[in-house]
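**Student:** The following block contains a protein sequence and its predicted model.
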Amino acid sequence: MGEGRAAGRLGPRLEHILKALGEARVLADVGTDRALLPVAAVQRGQVKRAIATDLRAGPLEGAHSLVCQAGVGEAVQLRQGPGLEPLAPGEADAVVIAGLHGETIAAILRDGRGRLVPGTRLLLQPTRGADTLRLPALAPRRGGLEAAGPVRPQDPAAAALARNAPSAGPMRGRDGLVDLPASAHAVPAPSGPLPVLTLEGESLVAEGRHTYVLIAGRVAGAWGAPTARDRSEFEFIPPALAMVDEPAFIWWWDRPTTEAAGWLAELARRSDLDPWEAVARVGPALLVARGGQPDPLLGAWLEELARPWRRALRANTGSTSRAAAARHKARAWVAYLQEVARQTGVKMEGR
């Protein structure tokens, strides 16, 4: 590989992705734009080879210039095409999809499900709409696996959630176990094959005035026709009706995430909000992101989520029933997010 100029300085969002990436054999950067990420990954020795794809020719022309200047033309391939289509199944062992809306990322994963082979790592960083990437999920429940196990005293976040849970919340019980609340949209698990993604964690990064979430997972296999035992051991949490019509994939949640989801859902019910929409918007994994502790930027994330609802309050000042309903919903969401912040011990701060 020839010597060339280093890639331009990366912003916090891309640096955060590279830190989460670690090392990989082949990295695929879907929607690469100028190929800053794959070029930097190759130059830093994090990957042996990278594939940068984009739907449009324009960004790839700029990417070609950067690849040539950096002297990594033998290691970074540029391919034009939609979503995962330019990739062969299993060609990349790490796939990054960043800088797109969550709905677009979900569509890319849905349409390219045949190229997602078990073991493939996924790093998803939406600009907006992270909620569409979080549900549906398969979560352990008490029908087979215990939902979250006993609340351990050495787990500060779990203990805090237990202390602050509403009296009818999911944290109560003689044995200290957590009951996952039943979904408001109880539908059976999908019968067709869908990629099952193991959620490895979520983390937050701030850039400019915004806070972004990075969702890390790994393809575990495919969910076909579930057996009776599957149905008894796991609850299929469907998407909130307002978000997506049908799932593109299924997350496999661990017990701490399930516990946090149950708590968020019960708190939402008490705020007269759709429980699983609330779970999807906040992201239960962020409440237990650091060994049971909330992500350090959880307060900023909650404020990011509250911002459009605050704008809705200012915009809907009329006396019509529609304006009143909009204010009611906005107040409910702001109050809910503030309560999540209070009970997790974080401070909501605007950026």
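**Tutor:** The structure has been received and is ready for your questions. Numbering: from 1, shown residues only.
**Student:** May I have the predicted confidence score for Trp309?
**Tutor:** Note on Trp309: pLDDT of 96.
**Student:** Any idea which helix or strand in this protein has the lowest mean pLDDT?
**Tutor:** Ranked by mean pLDDT, DSSP states H and E, the weakest helix or strand in the chain is helix 156-164, scoring a mean of 39.
**Student:** On the C-terminal side of that helix, identify the next helix or strand.
**Tutor:** strand 194-207 (DSSP states H and E).
**Student:** Pull out the buried positions in that following strand.
**Tutor:** Leu194, Pro195, Val196, Leu197, Thr198, Leu199, Gly201, Glu202, Ser203, Leu204, Val205, Ala206 (16 or more other C-beta atoms under 10 Å). In short, each C-beta sits where N, CA and C put it, glycine included.
**Student:** Redo those residues as CSV? Include pLDDT and distance to Ile215.
**Tutor:** Listed next are those as CSV, based on pLDDT from 0 to 100; distance: C-beta to C-beta, whole Å:
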residue, pLDDT, distance to Ile215
Leu194, 75, 17
Pro195, 82, 14
Val196, 85, 15
Leu197, 90, 9
Thr198, 91, 12
Leu199, 94, 7
Gly201, 96, 8
Glu202, 98, 5
Ser203, 98, 9
Leu204, 98, 11
Val205, 98, 12
Ala206, 97, 17
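**Student:** In CSV, list those along with distance to Val117.
**Tutor:** Below are the buried residues of strand 194-207 laid out as CSV (distance: C-beta to C-beta, whole Å):
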residue, distance to Val117
Leu194, 14
Pro195, 9
Val196, 12
Leu197, 12
Thr198, 14
Leu199, 18
Gly201, 21
Glu202, 23
Ser203, 25
Leu204, 29
Val205, 28
Ala206, 34
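**Student:** which stretch of helix or strand covers Leu122?
**Tutor:** Per DSSP H and E: strand 121-125 holds Leu122.
**Student:** Restricting to C-alpha, output that strand in PDB.
**Tutor:** Output of strand 121-125 as PDB, limited to C-alpha atoms (Å, rounded to 0.1, in the frame of the first residue of the first chain):
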ATOM      1  CA  ARG A 121     -21.400  -7.100  13.300                       C
ATOM      2  CA  LEU A 122     -23.700  -4.100  12.800                       C
ATOM      3  CA  LEU A 123     -23.000  -0.500  13.900                       C
ATOM      4  CA  LEU A 124     -26.100   1.700  13.300                       C
ATOM      5  CA  GLN A 125     -26.000   5.500  13.900                       C
END
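**Student:** which other helices and strands contact it?
**Tutor:** On a contact count with 3 or more C-beta pairs under 8 Å, 6 or more residues apart in numbering; DSSP states H and E, strand 121-125 meets helix 12-21, strand 94-98, strand 210-223.
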